[in-house]
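Engineer: Just to be clear, the model below is a prediction. Sequence and coordinates:
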Amino acid sequence: MTDTKNNDQPPILDVPLATEAIRQVRPDKPKGLVATALDNLQYVRGRGALEIGIIFFLLLVAFSVTSVVAGNQFPFLSQQNLSAVISQSIPVLALLGIAAGILMIAGEFDLSLGANLGFSAIVFIRVSESFGWGFGIPAAIASAMGIALINGLIVVLTRIPSFIATLGMGFFWTGASIFVNGTTAAILTEGKGKDATLVALFAGDYGFFRSQLVWLLIIGLLAWAFLHRHRRGNHIFAVGGNEAAAKAISINPVKVKLMAFAIFGALVGVVSILVAVRTSSMQPGTTGDFTLMAIAAAVVGGCSLNGGRGSVIGMIIGAALIQLVQNGLILGRAPGFYIQLFVGLIIVIAAIFNKLMEGKAS
């Protein structure tokens, strides 16, 4: 007699799935332009980018209308302001937001970001002054990646929470900057470490936009393609969302996290060059604010503090929103502490919103 009790039960998998099984593919692909657009909006909304994008757009419209009405009293649409805010401040913070966001999606933090940026900028300046900026650029990126990978190895090998490990390493790398350069600023001098070609590449002024905006567009597109359309990007989401489940389907969490730390370091290295070329100097110990601002941009843009959720578009919009609020307060002649007050309020509201979105998704 045949036992038919278990005939309707699905087969039990006794081997891990291939890594190709982790793909962000929706089973029922919509047909038609309108259906595809609506589906993409829903896909973006699931990562928190749509709502924050609407807020950014409304604020941008409000500032633009105020600028037209008030004129010189609120010169938001002036060429000088647009060039400074959109082409300098937003790209730098957005690139750091992408760096911090990718690491947050993998379930980790790096609170040594600011110290890493300052150290790598000093490396860039000193190497460029001695051997030319052709050697300074790879030296800065290699330095930033090396620091990030050291931090990553400490985290994955010791299993110390990245929040604590990188906080301590942040103090270490700040001290290392002072040890290497002293307490005086490292100076990038004209004609020696800095020339017209370097400026055109990393700080060129082309009217309403500057080179920093071009770097953001290029790196942002590459980051989006990698994180949302590449198998390795899917692995980052898988490890950050559920490390044990990712390991069960043949994904190596250690390798994925180290890859995320390396990407983080490479982006910090690029930003260190952008900052050094624009300012022509770097004072050790003055880049600490970049750390929390970058994390804030990622959180405001929809990245989960628990990992496994976020989008490159959201990270960029989060950075743009923070800089837009700061710019509006400065143009409105608000006291300095108002800027910190409103930015802090935005971060808390964004964190609460992200938590609500996670609860809704679950």
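Structural biologist: Nice, thanks for sending it over.
Engineer: Check whether Met219 really touches Val268, as I assumed.
Structural biologist: One thing to correct before we go on: residue 219 is Ile, not Met. No - with contact defined as Cβ atoms under 8 Å, Ile219 does not count as touching Val268 (11.9 Å). Where you see a C-beta, it was placed from the backbone N, CA and C, and this is true even at glycine.
Engineer: More neighbours: which of the two?
Structural biologist: Applying other Cβ atoms under 10 Å to Ile219 and Val268 shows that Val268 carries more neighbours, namely 31 against 20.
Engineer: Just say helix, strand or coil for the more buried one.
Structural biologist: Following DSSP: H, G, I helix; E, B strand; the rest coil, we place Val268 in the helix state.
Engineer: For the helix or strand containing Ala165, which residues meet the burial criterion?
Structural biologist: Assigned by DSSP states H and E, Ala165 falls within helix 162-181. Neighbour-count burial for helix 162-181, counted by 16 or more other Cβ atoms under 10 Å, picks out Ser162, Ala165, Thr166, Met169, Gly170, Phe172, Trp173, Thr174, Ala176, Ser177, Ile178, Asn181.
Engineer: Would you enumerate the residues in contact with the fifth one?
Structural biologist: Taking Cβ atoms under 8 Å, 6 or more residues apart in numbering as the contact definition, Gly170 lies against Leu111, Ser112, Leu113, Gly114, Ala115, Asn116, Gly288, Thr291.
Engineer: and which of those residues is nearest His235?
Structural biologist: When those are ranked by distance to His235 (Cβ to Cβ), Leu113 comes first, at 22.6 Å.
Engineer: The closest one reaches Gly265, doesn't it?
Structural biologist: No - contact criterion Cβ under 8 Å: Leu113 and Gly265 do not qualify, at 9.6 Å.
Engineer: More neighbours: those two, which one.
Structural biologist: Ranked by neighbour count (other Cβ under 10 Å), Leu113 and Gly265 place Leu113 first, with 33 against 28.
Engineer: What's the separation between the more buried one and Ile322?
Structural biologist: 15 Å (Cβ to Cβ, to the nearest Å).
Engineer: Also Asn306?
Structural biologist: Plainly put, Asn306 is 22 Å away from Ile322 if you go by Cβ to Cβ.
Engineer: Compare these two (neighbour count), which wins?
Structural biologist: Neighbours per residue, other Cβ under 10 Å: of Asn306 and Ile322, the larger number sits with Ile322, 27 against 13.
Engineer: list the contacts for the more buried one?
Structural biologist: Applying Cβ under 8 Å, 6+ apart, the residues contacting Ile322 are Leu93, Met293, Ala296, Ala297, Val300, Val343, Ile346.
Engineer: same thing with Gly107?
Structural biologist: Val239, Gly240, Glu243, Lys257, Asn306, Gly307, Gly308.
Engineer: What values do phi and psi take at Lys194?
Structural biologist: phi -140, psi 130 (degrees, to the nearest 10).
Engineer: so what's it bridging to?
Structural biologist: Counting by DSSP bridges, Lys194 forms beta bridges with Glu190.
Engineer: That one: neighbour count?
Structural biologist: 22.
Engineer: That one touches Trp133, doesn't it?
Structural biologist: Yes - counting by Cβ under 8 Å, Trp133 is a contact partner of Lys194 at 7.0 Å.
Engineer: Understood, closing this out.
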